[in-house]
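1. When you get a sec, could you give me coordinates for this:
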Amino acid sequence: MISLISQQSEQSGPQEPLIIQHSCAALDISRATYYRQCEKVLKPDPEEMIIRDHIQRIVLEWPTYGYRTITAELNRRYKTAPVNHKRVLRMMREDNLLCLRKRRRFIATTDSNHGYRIYPNLAGDFRPTGINQLWVSDITYIRLLQEFIYLAVILDAFSRRVIGWELSRQIDTELTLAALEMAINTRAPWLPGLIHHSDRGVQYAAIDYTRMLNEHEIRISMSRKGNPYDNAQCERFMKTLKYDEVYLNEYDDLADARGRIGRFLDEVYNCRRLHSAIGYLPPAEFEEQCRKQN
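-> Numbering: from 1, shown residues only. This is a model prediction of the structure:
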């Protein structure tokens, strides 16, 4: 309101004192209060301008970050006085920097109508206390210019780190086996009792896939039928992948998608992107801290 009055008074020329007098009377404030507030509007706080500049730089780099993650990145990157998340929210709202989500399209990637064995859910109440205790896996689709391709991933549920992934034109067992082989080669050895959790899809229930898990003494766990919450961590990762990478780019072909998505997973998601569930740290840094503490 004060800024509106000041704009009107600037446009009024010689009538400025009269406009200010009537406006102050209408608002029931003194003229001294009006001039103090005008000074704040016309002369913004230099510290706040610096913070706004930092926020805008972070938003350009991470356009899908929410205000809480922006706050964590701001305090992490710029070693100044800590900034409260409410203040960041106010600035982002004033500068129209709050991100908007795209409406999701759904393409089925799970076929649970098969004759293979279904395993019980071992991950429901299990809370990992370290890496290599619980792996979670899932499949999603990615749209190219001329076709759809499919991505299979395996995450370490404790650190949220991507430890295995594969892209293919076919949504079959070979796709999930390649991701599993990468995870095994990346994370071995592990302690007995490691749980591998997935949905009930045919790609995870197939004989070749379960045989590889059994050969490495990995316990098999599957979600309840029609319950995506049993695999919420992987569902959340897929959402992050789509908004932070896939929706922001167009891939020419499978090779282009493999190179760019691979760089995002290995260099950005694992090593740079902050995650609220692990104290606003990147997964690789979080794992390194856990190793030092142990």
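2. what about Ala152, neighbour count?
-> For Ala152, the tally of surrounding residues (other C-beta atoms under 10 Å) stands at 27. C-betas here are computed from N, CA, C, even on glycine.
3. Just confirm it is within a strand.
-> Yes. Using DSSP: H, G, I helix; E, B strand; the rest coil, the assignment for Ala152 is a strand.
4. okay but it is in contact with Val136, surely?
-> No. In this structure Ala152 lies outside contact range of Val136 using C-beta atoms under 8 Å: 11.9 Å.
5. any residues touching stretch 286-294, and which ones?
-> Contact with stretch 286-294 is made by 130-131, 159-161, 275, 278-279, 281, as judged by C-beta atoms under 8 Å, 6 or more residues apart in numbering.
6. Over to stretch 249-258?
-> Residues from elsewhere that reach stretch 249-258 (C-beta under 8 Å, 6+ apart): 142, 144-145, 149, 167, 169, 260-261.
7. quick one: the strands in the stretch 1-150 of the chain?
-> 134-143, 148-156 (DSSP state E, counting those that start in this stretch).
8. Can you say which of those strands is nearest to Leu213?
-> With C-beta to C-beta, the closest approach to Leu213 among those belongs to strand 134-143: 9.8 Å.
9. That closest one packs against which elements?
-> Under the contact definition 3 or more C-beta pairs under 8 Å, 6 or more residues apart in numbering; DSSP states H and E, strand 134-143 sits against strand 148-156, strand 161-168, helix 173-187, strand 195-198, helix 232-244.
10. Using CSV, please lay out these together with distance to Glu61.
-> Putting the helices and strands packed on strand 134-143 into CSV (distance: least, C-beta to C-beta, whole Å) gives the following:
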stretch, distance to Glu61
strand 148-156, 23
strand 161-168, 20
helix 173-187, 27
strand 195-198, 32
helix 232-244, 11
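11. What residue spans form the domains of the chain?
-> Domain ranges of the chain: 2-42, 61-94, 134-293, per automatic domain parsing.
12. Comparing those by mean pLDDT, which bottoms out?
-> In terms of average pLDDT, domain 2-42 trails the rest of these, at a mean of 62.
13. Distance from stretch 172-190 to the middle of the chain?
-> Centroid displacement of stretch 172-190 relative to its chain, using C-alpha atoms, centre = their mean, to the nearest Å, is 23 Å.
14. can you give me the helices in the stretch 1-150 of the chain?
-> 2-12, 16-27, 31-42, 46-61, 67-77, 85-94 (DSSP state H, counting those that start in this stretch).
15. Could I have the CA atoms of the last one written out in PDB?
-> It refers to helix 85-94. C-alpha atoms of helix 85-94 as PDB (Å, rounded to 0.1, in the frame of the first residue of the first chain):
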ATOM      1  CA  HIS A  85      13.200 -20.700   4.900                       C
ATOM      2  CA  LYS A  86      10.300 -18.300   5.500                       C
ATOM      3  CA  ARG A  87      12.300 -15.400   4.300                       C
ATOM      4  CA  VAL A  88      13.300 -17.400   1.200                       C
ATOM      5  CA  LEU A  89       9.700 -18.300   0.500                       C
ATOM      6  CA  ARG A  90       8.700 -14.700   0.700                       C
ATOM      7  CA  MET A  91      11.400 -13.600  -1.700                       C
ATOM      8  CA  MET A  92      10.700 -16.400  -4.100                       C
ATOM      9  CA  ARG A  93       6.900 -15.600  -4.100                       C
ATOM     10  CA  GLU A  94       7.600 -11.900  -4.600                       C
END
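16. In that helix, which residues are buried?
-> For helix 85-94, a neighbour-count test (16 or more other C-beta atoms under 10 Å) marks 85, 88-89, 91-92 as buried.
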